[in-house]
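Novice: What follows is a protein structure lacking sequence information:
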């Protein structure tokens, strides 16, 4: 994954603060409330256009990021991606940690950056720079985490991951990736189970304009991409979720997803579990044979003893 550096994010965040301070400065009066609000916002005295004083100068680094709650959320999101984690707790998945606790704050902050230049500086590069790239990458990571979490809980047919997400996660041009995506291609596209989605309170794939990809194919392909990885899940976390699934074929699919998270590609899972890739793909499609179900149940039993 092409994750923006923490240094670049700090610079971009400071630039965004300056642009927002300039909006306050211009809209609310340069010699009155505007200057007071901009001073409070930046934590430094503002008596002229903030972009003139800070942007492109060494004084930009003097802006204290730690004063801003949203920065801690952005830094936490960067750390989670950098460590390939799907939760604030190692070895687990918690989509709320990514979405509600971090991603939403970055999205809201991006929405505050003006689309027009009120002062001397156009904030276009700030809006479309590495903060935006972090948001898009983290959004793709969040959707992948949702699909994995759903699969580990036995919910089939609930799909969030899109081709554009795979392109971001796999560091590939989206147009090139689309050559691999299709109903009969390496990364299959599927229609979601709308009734299952409705029961779980999630939207399903309801139109041709929204294309979701098969999770097993996505994990297999992502595992082949250099630089992509997911932090290994704790055995206890996997067992807690998978062992409680009553339907044996849904349980087998969940176990396969956990194995793909651990090993990356189907060929490695095949070698480790002494199951053919054909049998594993059948399990991923919810059509596992009795022998495959037993082998994958044995794997979960092995994890339970760890």
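Specialist: Received it, and whenever you're ready, just let me know what you need. None of the values given here were measured: they were computed from a predicted structure.
Novice: Please make it C-alpha for all contacts and neighbour counts, starting now.
Specialist: Noted.
Novice: gap between residue 60 and residue 69?
Specialist: Residue 60 sits 19 Å away from residue 69, going by CA to CA, to the nearest Å.
Novice: okay, those two: which has more neighbours?
Specialist: Taking neighbours as other CA atoms under 10 Å, residue 60 and residue 69 compare with residue 60 leading, 18 against 10.
Novice: Run a quick neighbour tally on the residue lying closest to that one once chain neighbours are set aside.
Specialist: Distance criterion CA to CA, 6 or more residues apart in numbering; nearest residue to residue 60, sequence neighbours excluded, is residue 54 at 4.8 Å. For residue 54, the count of nearby residues is 18 (other CA under 10 Å).
Novice: and if you look at residue 290?
Specialist: 12.
Novice: mind checking pLDDT for it?
Specialist: On pLDDT, residue 290 comes in at 95.
Novice: any idea how far it lies from residue 279?
Specialist: Distance, residue 290 to residue 279, using CA to CA: 11 Å.
Novice: quick one: average confidence on stretch 190-204?
Specialist: Mean predicted confidence for stretch 190-204 is 49.
Novice: got it, and stretch 105-117?
Specialist: 85.
Novice: Please name the nearest non-neighbouring residue to residue 85.
Specialist: Distances taken as CA to CA, 6+ apart put residue 231 closest to residue 85, at 5.3 Å, once the chain neighbours are dropped.
Novice: can you pull the contacts of that neighbour?
Specialist: Residue 231 makes contacts with 83, 84, 85, 86, 90, 91, 261, 262, as judged by CA atoms under 8 Å, 6 or more residues apart in numbering.
Novice: now those residues in JSON lines, with secondary structure, distance to residue 300 and pLDDT?
Specialist: Below are those laid out as JSON lines (DSSP: H, G, I helix; E, B strand; the rest coil; distance: CA to CA, whole Å; pLDDT from 0 to 100):
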{"residue": "83", "secondary structure": "coil", "distance to residue 300": "25", "pLDDT": "95"}
{"residue": "84", "secondary structure": "coil", "distance to residue 300": "23", "pLDDT": "95"}
{"residue": "85", "secondary structure": "coil", "distance to residue 300": "22", "pLDDT": "94"}
{"residue": "86", "secondary structure": "strand", "distance to residue 300": "21", "pLDDT": "94"}
{"residue": "90", "secondary structure": "coil", "distance to residue 300": "20", "pLDDT": "91"}
{"residue": "91", "secondary structure": "coil", "distance to residue 300": "16", "pLDDT": "94"}
{"residue": "261", "secondary structure": "helix", "distance to residue 300": "14", "pLDDT": "95"}
{"residue": "262", "secondary structure": "helix", "distance to residue 300": "13", "pLDDT": "93"}
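Novice: Highest neighbour count among these?
Specialist: The residue in the contacts of residue 231 with the most neighbours, by other CA under 10 Å, is residue 86 (28 neighbours).
Novice: and residue 287, that one's in a helix?
Specialist: No. The assignment for residue 287, made by DSSP: H, G, I helix; E, B strand; the rest coil, is coil rather than a helix.
Novice: where does it fall, phi/psi-wise?
Specialist: Backbone torsions of residue 287, given as degrees, to the nearest 10, read phi -130, psi 40.
Novice: what residues are up against it?
Specialist: Residues near residue 287 by CA under 8 Å, 6+ apart: residue 249.
Novice: tell me the centre residue of the chain?
Specialist: Centroid-nearest residue in the chain: residue 141, 1.9 Å away (criterion: CA atoms, centre = their mean).
Novice: Please identify the helix or strand for it.
Specialist: helix 130-152 (DSSP states H and E).
Novice: Can you name every helix or strand that that helix contacts?
Specialist: With contacts taken as 3 or more CA pairs under 8 Å, 6 or more residues apart in numbering; DSSP states H and E, helix 130-152 sits against helix 6-27, helix 69-82, helix 95-98, helix 104-112, helix 163-169, helix 235-242, helix 248-263.
Novice: Adding distance to residue 214, write those helices out as JSON lines.
Specialist: Below are the helices and strands packed on helix 130-152 laid out as JSON lines (distance: least, CA to CA, whole Å):
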{"stretch": "helix 6-27", "distance to residue 214": "32"}
{"stretch": "helix 69-82", "distance to residue 214": "22"}
{"stretch": "helix 95-98", "distance to residue 214": "19"}
{"stretch": "helix 104-112", "distance to residue 214": "26"}
{"stretch": "helix 163-169", "distance to residue 214": "10"}
{"stretch": "helix 235-242", "distance to residue 214": "19"}
{"stretch": "helix 248-263", "distance to residue 214": "11"}
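Novice: To residue 43, which of these lies closest?
Specialist: With CA to CA as the measure, helix 6-27 is the member of the helices and strands packed on helix 130-152 nearest residue 43 (10.4 Å).
Novice: any low-confidence regions in the stretch 1-150 of the chain?
Specialist: Within the stretch 1-150 of the chain, the stretches with pLDDT under 70 are 56-57, 116-125, 127.
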